[in-house]
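>>> no sequence on hand, only this structure:
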Ligand code: ACM
Ligand code: ZN
């Protein structure tokens, strides 16, 4: 019988064999100490929950076990147990995970238990073929309390089920804020009961721009979230310790709203919901909410009132970025407002706008957060700043004693290109942000110790100008989001890119197994193939555990003619005619683009 059980375990846990004692966790925990021995996980392992929070986490763990191994763990006692216990003294997000031969224990705060379970899942994924987890102690807590992710569903609508899957993945890497960019020039995505025309009309457009030069697909696109769906997502996220911060853009990026309320613009319209940018080039829309019209504020209070009723988050994001002042300069109402309020210019008019909105949001017991342009003309008294144009906005806000989130586009915008060779990448708005650069971001880099105190944390953003499918969004998100996770969670002193890459290899094998369509990285060593004395010295590491690398050195297509890379080789080639190509094929069968080595 014992042999049968052990055979079953071996089959159920059919995972690739790799070094025992290697612990692969992303993000890297604050402290890990390995010890002698192993815990053998099997269908005979039992579960113990201590406290209501623990019970919920047992359910998460069992749902994972069921999906991964095909069985559910029963509750029990004694040896061979996984115990999850709430510790009322613990910081909310901290946990301790102990793996001993006799059992596994996770103790921590309410969120910490959830994070401990995520860590344990990664240990189980990375265990060897006997499902043996090395004995260890992990003492973990986040570096930053705000670990954010923004998706721009304004430009492109993603359905509720996809967002839930996205939240699962975010939570797995210990992100805890989802910033939901709900309104844009080219789409309004949240139901407002008092203004049903917003979702009846402004959630839809006739076509979507799909090439940089202005080519459109001529396919109507749209969609919106009902308030019931928003509630469902808020609860789903909250169960995974993710707070959703809704964003309603103002005064700019608002053409969709103005298409149904042209009377709230400076010119009176008419406007249509744009397909992206109508001018065939990247340029901001000039038409924004009129700051001289009291109707604008009445409308926005209606909207924000319902948003506040719906979302329990402390912060309400009011946008504030990229608002051209062209129309305000020419608008009699805006100019009258500038005079009557004693304002200096249109920057101060924007500040007036934000402060007036802030008074309403504060009166409802919430706080404003906005993009760093809200600093222009004077920051509203209680507002927090999201620093995206660089780090300066965050530093300035912090210097003024305001809270800030660091989201500098140079490091945190995952809609930027992953590779220099744009010909093999899906079209993007621009930028170049390889994973190593994301990983290297140090949020405190330029900040004085005093300024650091006001930095809540970091956030990554994905804008959807050209990201128009779930597959494409997966591609832009992973693996770079793992680097963001480590920036946000792990102590600076624990960061190590070589170690991170090894862990990414393992983690990508998991994502491949569960169907996440991440960008398959180039093999490591790809850019450092040397050619000496007519021989190419090829030493590669597959970028995903268990993946095959097929390569050619004569320019032919590696998918059809490639040799399988198994170990370092020297291949005779005339030094001046090496034309090396490769393709990476995952265990699932999915293949990368064809990567071409640049001759040095
Ligand atoms: C932004 O990227 N416009 C916030
Ligand atoms: Zn105006």
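Ah, there it is. Predicted, not measured: the structure shown is a model, and the values here were computed from it. Ligands and ions are numbered 1, 2, ... in the order given.
>>> how about the residues of this protein near ligand 2?
266, 290, 292, 331, 333-334 (Cβ under 5 Å from the ion). (C-beta placed from N, C-alpha, C; glycine too.)
>>> ok, residue 438 to residue 431 distance?
12 Å (Cβ to Cβ, to the nearest Å).
>>> so for these two, which sits in the more crowded spot?
residue 438 (24 against 13; other Cβ atoms under 10 Å).
>>> name the nearest residue to the more buried one, sequence neighbours excluded.
Nearest non-adjacent residue to residue 438, counting by Cβ to Cβ, 6 or more residues apart in numbering: residue 483, 4.0 Å away.
>>> near the closest residue to ligand 2 within the stretch 101-250 of the chain, how many other residues are there?
For the stretch 101-250 of the chain, the residue closest to ligand 2 is residue 250, as judged by Cβ to the ion, at 13.2 Å. By the criterion of other Cβ under 10 Å, residue 250 has 27 neighbours.
>>> give me the pLDDT for it.
pLDDT, residue 250: 98.
>>> tell me the contacts of it?
Contact analysis of residue 250 by Cβ atoms under 8 Å, 6 or more residues apart in numbering lists 289, 300, 318-320, 353, 357.
>>> residue 362 too?
368, 382.
>>> start at 14, not 1
Sounds good: first residue 14 from here, last item residue 375.
>>> tell me which element it is part of?
Residue 375 is part of helix 359-376, with elements assigned from DSSP states H and E.
>>> pLDDT (mean, whole number) over that helix?
The predicted model assigns helix 359-376 a mean pLDDT of 98.
>>> repeat for stretch 486-503
Mean predicted confidence for stretch 486-503 is 98.
>>> so how far is that stretch from its chain's centroid?
When C-alpha coordinates are averaged (Cα atoms, centre = their mean, to the nearest Å), stretch 486-503 and its chain have centres 6 Å apart.
>>> buried ones in that stretch?
486-503 (16 or more other Cβ atoms under 10 Å).
>>> stretch 161-175 now?
By neighbour count with 16+ other Cβ under 10 Å, stretch 161-175 contains the buried residues 161-171.
>>> I'd like to know the average pLDDT value across it.
Averaged over stretch 161-175, pLDDT sits at 98.
>>> so where do the strands sit in the stretch 114-263 of the chain?
116-121, 145-153, 159-165, 190-194, 196-197, 200-201, 217-218, 234-235, 256-263 (DSSP state E, counting those that start in this stretch).
>>> deepest in the core, which of these is it.
By mean neighbour count, with neighbours taken as mean count of other Cβ atoms under 10 Å, strand 200-201 ranks first of the strands of the stretch 114-263 of the chain at a mean of 30.
>>> name the residues that touch that one?
So strand 200-201 is in contact with 166-170, 195, 211-212, 215-218, 235, 237, 269-270, 286, going by Cβ under 8 Å, 6+ apart.
>>> how about a cut-off of 7 Å?
Strand 200-201 has contacts (Cβ atoms under 7 Å, 6 or more residues apart in numbering) with 167-168, 170, 211-212, 215-216, 218, 235, 237, 269-270, 286.
>>> and residue 124, how far is that from residue 100?
Counting by Cβ to Cβ, the gap from residue 124 to residue 100 is 12 Å.
>>> against ligand 1, how distant is the residue nearest to residue 277 when sequence neighbours are not counted?
Sequence neighbours aside, residue 309 is the residue nearest to residue 277 in space, at 4.9 Å (criterion: Cβ to Cβ, 6+ apart). With the distance defined as Cβ to the nearest ligand atom, to the nearest Å, residue 309 ends up 21 Å from ligand 1.
>>> ditto for residue 489
According to Cβ to the nearest ligand atom, residue 489 and ligand 1 sit 15 Å apart.
>>> hang on, that residue packs against residue 479?
No - using Cβ atoms under 7 Å, residue 489 is not in contact with residue 479; the gap is 9.4 Å.
>>> just to revisit the earlier point, a markdown table please, covering the strands of the stretch 114-263 of the chain and showing distance to residue 67.
Compiled in a markdown table, the strands of the stretch 114-263 of the chain are given as follows (distance: least, Cβ to Cβ, whole Å):
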| stretch | distance to residue 67 |
| --- | --- |
| strand 116-121 | 8 |
| strand 145-153 | 17 |
| strand 159-165 | 23 |
| strand 190-194 | 24 |
| strand 196-197 | 39 |
| strand 200-201 | 41 |
| strand 217-218 | 46 |
| strand 234-235 | 43 |
| strand 256-263 | 22 |
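>>> which of the ones you listed sits closest to residue 322?
Evaluated over the strands of the stretch 114-263 of the chain, closeness to residue 322 peaks at strand 256-263, with 11.3 Å, by Cβ to Cβ.
>>> the very next helix or strand once past that closest one packs against which elements?
Sequence-wise, the next helix or strand downstream of strand 256-263 (DSSP H and E) is helix 268-273. For helix 268-273, the packing partners by 3 or more Cβ pairs under 7 Å, 6 or more residues apart in numbering; DSSP states H and E come out as strand 196-197, strand 200-201, helix 210-214.
>>> what strands line up against the first one, and which way round?
Strand 196-197 has these partner strands in its sheet, going by DSSP bridges: strand 200-201 (antiparallel).
>>> pLDDT of the strand it pairs with, averaged?
Mean predicted lDDT for strand 200-201 stands at 98.
>>> show me where pLDDT drops low in the stretch 14-163 of the chain?
Low-confidence segments of the stretch 14-163 of the chain (pLDDT under 70): 14-34.
>>> and residue 607, how many residues sit next to it?
Applying other Cβ under 10 Å, we find 16 residues neighbouring residue 607.
>>> ok, it - contacts?
By Cβ under 7 Å, 6+ apart, the contact set of residue 607 is 570-572, 594, 596.
>>> and the residues you listed, which is closest to ligand 2?
Ligand 2 lies nearest to residue 596 out of these, by Cβ to the ion, at 55.5 Å.
>>> which strands or helices does the host helix or strand of that closest one pack on?
Secondary-structure assignment from DSSP H and E places residue 596 in strand 594-598. When contacts are defined as 3+ Cβ pairs under 7 Å, 6+ apart, strand 594-598 sits against strand 561-565, helix 571-574, strand 608-609.
>>> give me the residues contacting it.
Contact with strand 594-598 is made by 533, 536, 539, 555-557, 560-565, 568, 571-572, 575, 604-605, 607-609, as judged by Cβ under 7 Å, 6+ apart.
>>> if you set the cut-off to 8 Å instead, what comes out?
533-536, 539, 553, 555-557, 560-565, 568-572, 575, 578, 604-610.
>>> by proximity to ligand 1, which residue of the stretch 164-313 of the chain wins?
Per Cβ to the nearest ligand atom, residue 266 is where the stretch 164-313 of the chain lies closest to ligand 1, at 7.8 Å.
>>> right, and that residue touches residue 199 too?
No - here residue 266 does not reach residue 199: they are 9.2 Å apart, not a contact under Cβ atoms under 8 Å.
>>> what is in contact with the two at once?
Common neighbours of residue 266 and residue 199, using Cβ under 8 Å, 6+ apart, are residue 167.
>>> can you give me the strands in the stretch 314-463 of the chain?
Here the stretch 314-463 of the chain has its strands, by DSSP E, counting those that start in this stretch, at 328-332, 380-384, 397-400, 417-419.
>>> residue 333 versus the residue of the stretch 164-313 of the chain closest to ligand 1, what's the distance?
In terms of Cβ to Cβ, residue 266 sits 9 Å off from residue 333.
>>> repeat for residue 282
23 Å.
>>> just residue 363 next, same as before
With Cβ to Cβ as the criterion, residue 363 and residue 333 are 7 Å apart.
>>> neighbour count winner among the two?
Just comparing residue 363 and residue 333: by other Cβ under 10 Å the higher neighbour count belongs to residue 333, 30 against 25.
>>> for that one, what are its contacts?
So residue 333 contacts 262-264, 363, 367, 383-384, 386-387 (Cβ under 8 Å, 6+ apart).
>>> out of the contacts of residue 607, who's nearest ligand 1?
Of all the contacts of residue 607, ligand 1 sits closest to residue 596, with 34.0 Å by Cβ to the nearest ligand atom.
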